[in-house]
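1. just need the structure, nothing else, for what follows:
(chains A and B)
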Protein chains: 2
Amino acid sequence: MAPPTEALTPERILEATEEVLRRHGVAKATVVDVARALGVSHGTVYRHFRTKAALREAVTKRWLDRTTAVLADVTSGSEEPAAKLRHWLAALFDAKRHKAGDDPELFDTYTVLTNENSAAVDAHIGDLTGQLTAILQEGVERGVFEVGDLAATARAVFESTAHFHDPVYAPQWSRPDAPAAFDAVTSLVLRGLTPR
Amino acid sequence: MAPPTEALTPERILEATEEVLRRHGVAKATVVDVARALGVSHGTVYRHFRTKAALREAVTKRWLDRTTAVLADVTSGSEEPAAKLRHWLAALFDAKRHKAGDDPELFDTYTVLTNENSAAVDAHIGDLTGQLTAILQEGVERGVFEVGDLAATARAVFESTAHFHDPVYAPQWSRPDAPAAFDAVTSLVLRGLTPR
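-> You can find the predicted model right below:
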């Protein structure tokens, strides 16, 4: 049997960290718990993540990156730009709603962690508005969007749809009128991008 | 000298309640403190507000109604509908930003109270989206807005501008780029209402 450190990748440590967070909650989870779950010493974990704060930041980034990856697929797809933007916003809403609804305790844990790791959140928002900028640019090139400042408008699209991705609104996502509210805001935003 | 109960209106009690909240914070403020500030017995206060919860709800409503009144003046004004809508959104942002920036402790107190009094908040949102509906209707009548469902669109305008009125975003309102972000979202929304 290979020694347990053999295949100890950062990804395996982060998987174990998420599992420990799920089980113990953010206040009680320790690096020792993570090491124990992996069958290694806590020193071994610290060789990959130099502090508990670095480990927490990395696991937060991994959680946010999962959503980014789903949306990157939409961004690089072949849909017509207006359909693609609607799809992108719906996929973001869907990803967040699932994270919140399928495992509420883990979602709450990550809400605490994102509040502690604003640099990871800012980078995540940068990734997402970068994707939005690419979609807007494509629409401008094809003549289906009319946009002054691409980056500022991408940010405005992101902020104007916050009701459907910012975790502070998570309690409203399961309301029966949430899909209609999403449609109303998305349609208003899309109309705002259409040339006249 | 008239006895202190002579002019004891609900408004005077609510003024004193706000002052007590400002001084003691929401956790420590009591009805006895309010009565003492007015020079009356707590029984006298209870004759106007039957429970401490009713008093807290009334003072929350009064705080929210101050913003509603400012916006009602904009709504009933004679500006052209697009200018009026921009003015209304700017006045809302301005009112919230001042409440948050001028007296942060009282703002935090009211944030706690609004979280406790969701019925008062829902009524407030109903008042504000009612004003938005009136402005949209005016724009449709004058042919400067194109709107399908007036009430749903009013709600969408309100939700899409949440970054600039929802207290959860208050920490961002003093950032140097906040006015530019507000302009970008407002312009996007206004374009979304313009007929093509």
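
2. which stretch of helix or strand covers the residue nearest to residue A:129 when sequence neighbours are not counted?
-> Excluding its sequence neighbours, the residue lying closest to residue A:129 (C-beta to C-beta, 6 or more residues apart in numbering or on different chains) is residue A:154, at 4.6 Å. (C-beta placed from N, C-alpha, C; glycine too.) For residue A:154, the host element (DSSP states H and E) is helix A:150-160.

3. could you point out which element follows that helix?
-> helix A:178-193.

4. just checking, what packs against the lowest-mean-pLDDT helix or strand in chain A?
-> In chain A, the helix or strand scored least confidently by mean pLDDT, DSSP states H and E is helix A:104-116, which has a mean of 90. Applying 3 or more C-beta pairs under 8 Å, 6 or more residues apart in numbering or on different chains; DSSP states H and E, we find helix A:104-116 packed against helix A:10-24, helix A:52-75, helix A:81-102.

5. can you list contacts of the last one?
-> Meaning helix A:81-102. With C-beta atoms under 8 Å, 6 or more residues apart in numbering or on different chains as the test, helix A:81-102 has contacts from A:66-67, A:70-71, A:74-75, A:77, A:79, A:106-107, A:110, A:128, A:131-132, A:135-136, A:138-139, A:142, A:144-145, A:157, A:161, A:164-165, A:167, A:170, A:173-174, A:182, A:186, A:189-190, A:193-194.

6. so what's the residue positioned nearest the centre of chain A up against?
-> Residue closest to the mean C-alpha point of chain A, counted by C-alpha atoms, centre = their mean, is residue A:64 at 3.3 Å. Applying C-beta under 8 Å, 6+ apart, we find residue A:64 in contact with A:114, A:120-121, A:124.

7. quick one: which of these is most hemmed in?
-> residue A:120 (21 neighbours; other C-beta atoms under 10 Å in any protein chain shown).

8. so how far is the helix or strand where it lies off the chain centroid?
-> Here residue A:120 is covered by helix A:118-141, with elements defined by DSSP H and E. With C-alpha atoms, centre = their mean, to the nearest Å as the basis, helix A:118-141 stands 12 Å off its chain's centre.

9. what comes up buried for that helix?
-> For helix A:118-141, burial by neighbour count (16 or more other C-beta atoms under 10 Å in any protein chain shown) applies to A:120-121, A:124, A:127-129, A:131-140.

10. do stretch A:176-195 as well
-> The neighbour-count check on stretch A:176-195 (16+ other C-beta under 10 Å) flags A:178, A:181-182, A:184-193 as buried.

11. those residues: which ones sit near chain B?
-> With C-beta under 8 Å from any C-beta of the partner chain as the criterion, the buried residues of stretch A:176-195 include A:181, A:184-185, A:187-193 near chain B.

12. for chain A, which residues are neighbours of chain B?
-> Checking chain A against chain B by C-beta under 8 Å from any C-beta, the hits are A:149, A:152-153, A:155-157, A:159-163, A:166, A:168, A:180-181, A:184-185, A:187-194, A:196.

13. run the last query once more with 6 Å
-> By the rule C-beta under 6 Å from any C-beta of the partner chain, the part of chain A lying against chain B is A:152, A:156, A:159-160, A:162-163, A:168, A:184-185, A:188, A:191-192, A:196.

14. and the residues you listed, which is closest to residue B:39?
-> Among the residues of chain A next to chain B, residue A:168 lies closest to residue B:39 (C-beta to C-beta), at 41.9 Å.

15. what is the neighbour count of the closest residue to that closest one other than its chain neighbours?
-> Nearest non-adjacent residue to residue A:168, counting by C-beta to C-beta, 6+ apart: residue B:168, 4.7 Å away. Residues lying near residue B:168 (other C-beta under 10 Å) number 13.

16. I figured residue B:168 was touching residue A:166, is that so?
-> No - taking contacts as C-beta atoms under 6 Å, residue B:168 lies outside contact range of residue A:166: 7.9 Å.

17. correct me if wrong: residue A:155 contacts residue A:129.
-> Yes - between residue A:155 and residue A:129 there is a contact under C-beta under 6 Å: 5.4 Å.

18. could you dump the helices and strands packed on helix A:104-116 to a markdown table with mean pLDDT?
-> A markdown table is the format used below for those (pLDDT from 0 to 100):
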| stretch | mean pLDDT |
| --- | --- |
| helix A:10-24 | 95 |
| helix A:52-75 | 95 |
| helix A:81-102 | 96 |
